[in-house]
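J.: just coords:
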Ligand SMILES: [Ca+2]
């Protein structure tokens, strides 16, 4: 295929050469941008550090967190423009294998689920369905450095950083988004990430953990329930009362999801459309919501 393309003749060689130059220039600009940002002498994170210190986070904590953060994850940010939530195959969770796994988990953790159900008033099968779909009970929690994700998204209020990500997109992705919509999305995400970075710092300070030790999804979600740091701050629970709130354990994940759903109005949600609205706060996708309720109903009746 490649060889065939190289033999293709171009009716307008000059235009082709000009296009090549533009592509080269863009790639070079991206490389230079990356070089400037990654240089050890240039503190790319300085604006974020300033903002977090202004928010009241201890300067020493901020400094040590960013010292270990590594260079910005531009490629990860570019990859998020390839996500197509609507195309995720949610039907896979309704296959016999995953449903059997969910039933086994429900049996194995029956007492924790019963306790969470009593304490938070949330149906145990809904909690199990969410854990199945989010990470298959901790099997796929993600390997992307959480601190790096939020730090890089937070930088995206700077055009030079957006230019680097833009240059990493494939031509058809650029065409699909358009520069204006791309900029708008990253500006919103920058603001959102700044809030999550703030929550991550506070969470780490409160729990005596290193923010750089957390790994998760490309959107910064962590643990079995795929919580964002802001949700961890509000809803994470020490379900097994061992003194640690660890979202990579079944007991803490179960209680945390139950607390999240209660916090978003599960107790008042009587009709199925009201329940759908609560689950929608967990993941803003209708196919996701429908699948959670379908899995829940199938493992409930078993
Ligand atoms: Ca615990």
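T.: On my side now, so go ahead. Please read all numbers here as calculations on a predicted model, not as lab measurements. Residues are numbered from 1 along each chain as shown.
J.: going forward, measure contacts between C-alpha atoms and count neighbours the same way
T.: Fine.
J.: Could you pull up the residues touching residue 269?
T.: Contacts of residue 269 were listed using Cα atoms under 8 Å, 6 or more residues apart in numbering, and they are 275, 278.
J.: tell me which element the residue of the stretch 51-200 of the chain found nearest the ion is part of?
T.: Closest to the ion within the stretch 51-200 of the chain is residue 112: 12.0 Å, counting by Cα to the ion. Assigned by DSSP states H and E, residue 112 falls within helix 110-120.
J.: Could I get the buried residue list for that helix?
T.: In terms of neighbour count (16 or more other Cα atoms under 10 Å), helix 110-120 has its buried residues at 112-113, 116-117, 120.
J.: quick revisit: what's the local residue count around the nearest residue to the residue of the stretch 51-200 of the chain closest to the ion once chain neighbours are set aside?
T.: When the adjacent residues along the chain are set aside, residue 112 lies closest to residue 251, with 6.3 Å between them (Cα to Cα, 6 or more residues apart in numbering). Neighbour count for residue 251, taken as other Cα atoms under 10 Å: 21.
J.: Would you mind measuring from residue 251 to residue 157?
T.: Noted for residue 251: a distance of 39 Å to residue 157, by Cα to Cα, to the nearest Å.
J.: For the helix or strand hosting residue 164, enumerate the helices and strands it packs against.
T.: Residue 164 is part of helix 159-168, with elements assigned from DSSP H and E. On a contact count with 3 or more Cα pairs under 8 Å, 6 or more residues apart in numbering; DSSP states H and E, helix 159-168 meets helix 13-38, helix 74-80, helix 179-207.
J.: next helix or strand past the first one?
T.: The one in question is helix 13-38. Heading C-terminal from helix 13-38, the first helix or strand you meet, by DSSP H and E, is helix 46-54.
J.: Next, the buried residues of that following helix.
T.: Neighbour-count burial for helix 46-54, counted by 16+ other Cα under 10 Å, picks out 48-49, 52-53.
J.: what sits against residue 226?
T.: With contacts defined as Cα under 8 Å, 6+ apart, residue 226 is in contact with 134-135, 141, 216-217.
J.: export the residues you listed to JSON lines and tack on pLDDT, neighbour count and distance to the ion?
T.: Shown next, in JSON lines, are these (pLDDT from 0 to 100; neighbours: other Cα atoms under 10 Å; distance: Cα to the ion, whole Å):
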{"residue": "134", "pLDDT": "97", "neighbour count": "21", "distance to the ion": "20"}
{"residue": "135", "pLDDT": "97", "neighbour count": "17", "distance to the ion": "19"}
{"residue": "141", "pLDDT": "96", "neighbour count": "20", "distance to the ion": "18"}
{"residue": "216", "pLDDT": "97", "neighbour count": "22", "distance to the ion": "19"}
{"residue": "217", "pLDDT": "96", "neighbour count": "20", "distance to the ion": "22"}
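J.: Inside strands: which ones of those?
T.: If you go by DSSP state E, the contacts of residue 226 have residue 216 in strands.
J.: Pick out the most distant pair among the contacts of residue 226.
T.: Spatially, the most separated pair among the contacts of residue 226 is 134 and 216, at 11.5 Å (Cα to Cα).
J.: who in this structure is up against the ion?
T.: Proximity of the chain to the ion, by Cα under 5 Å from the ion, involves residues 238, 240, 242, 244-245.
J.: repeat that for 8 Å
T.: By the rule Cα under 8 Å from the ion, the part of the chain lying against the ion is 237-246, 249, 251-252.
J.: Show me which of these is closest to residue 57.
T.: Nearest to residue 57 among the residues of the chain next to the ion is residue 245, at 21.1 Å by Cα to Cα.
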